[in-house]
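>>> below is the structure, and that's it, no one-letter string:
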């Protein structure tokens, strides 16, 4: 049987024997890698001993650690262009001095704006007081702070300012009778664009037949 197999397939070829003293290539590679690593380690130690933290090997081989209290910006924006993760940092609001000053100047009444007299008004004698009703164009009053009024014993002066457009004024001098300035008052109706001035008579029993003295 063995002879038949030999005739059909031939004799098997045997691997040649290894020469004495030859080394395994895999083992040689491992040994070479170990030797290189040992050489690098030796060079690293020698370089660090000579130059300390300024050593090339120290700077390129040590492991950097992130401090525990460091704030790290992360997120896809650093790589893909998306938005980074927002840090929870409170930034105090800083008000601009020049910006606030400019805003105040914009809201302040300008002397360059035209000044128009309030001609649409009425008045009534109400016993110890006299009431004056000043009617302004619709939409003039947007805020009560637009109206100012100065009272004197024989006169009053109302002025209405606007951010845009004309200023309005009404000055009555001299009044028909004397008034008590500290007891006089005024109020504004934004909805009706009307200002009501209340004058307190010094002589309660005096009847006013006109608002102004001729």
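Now that the structure is in, tell me what you want to look at. Treat the numbers as computed from the prediction; the structure is a model and nothing was measured.

>>> how is residue 187 assigned, secondary-structure-wise?
strand (DSSP: H, G, I helix; E, B strand; the rest coil).

>>> that one - how many residues pack around it?
Residue 187: 12 surrounding residues under other Cβ atoms under 10 Å. Where you see a C-beta, it was placed from the backbone N, CA and C, and this is true even at glycine.

>>> with adjacent residues omitted, what lies nearest to it?
Spatial nearest neighbour of residue 187, chain neighbours left out: residue 196 (5.4 Å); criterion: Cβ to Cβ, 6 or more residues apart in numbering.

>>> residue 155 now?
That would be residue 173: by Cβ to Cβ, 6+ apart, it lies 3.5 Å from residue 155.

>>> what of residue 181?
Using Cβ to Cβ, 6+ apart, the closest residue to residue 181 is residue 151 (3.9 Å).

>>> for the chain, where's the lowest mean pLDDT among helices and strands?
When each helix and strand of the chain is scored by mean pLDDT, DSSP states H and E, helix 97-107 comes last, with a mean of 44.

>>> can you give me the end-to-end distance of stretch 200-214?
20 Å (Cα to Cα, to the nearest Å).

>>> could you do stretch 196-214 as well?
23 Å.

>>> how about stretch 179-193?
26 Å.

>>> with stretch 181-189 instead?
By Cα to Cα, one end of stretch 181-189 lies 22 Å from the other end.

>>> now do the buried residues in that stretch.
Judged by neighbour count using 16 or more other Cβ atoms under 10 Å, the buried positions of stretch 181-189 are 181, 184, 186, 188.

>>> out of those, who's nearest residue 125?
residue 184 (15.0 Å; Cβ to Cβ).

>>> show me the residues around that closest one that make contact.
Contacts for residue 184 (Cβ atoms under 8 Å, 6 or more residues apart in numbering) come out as 151, 156, 197-200.
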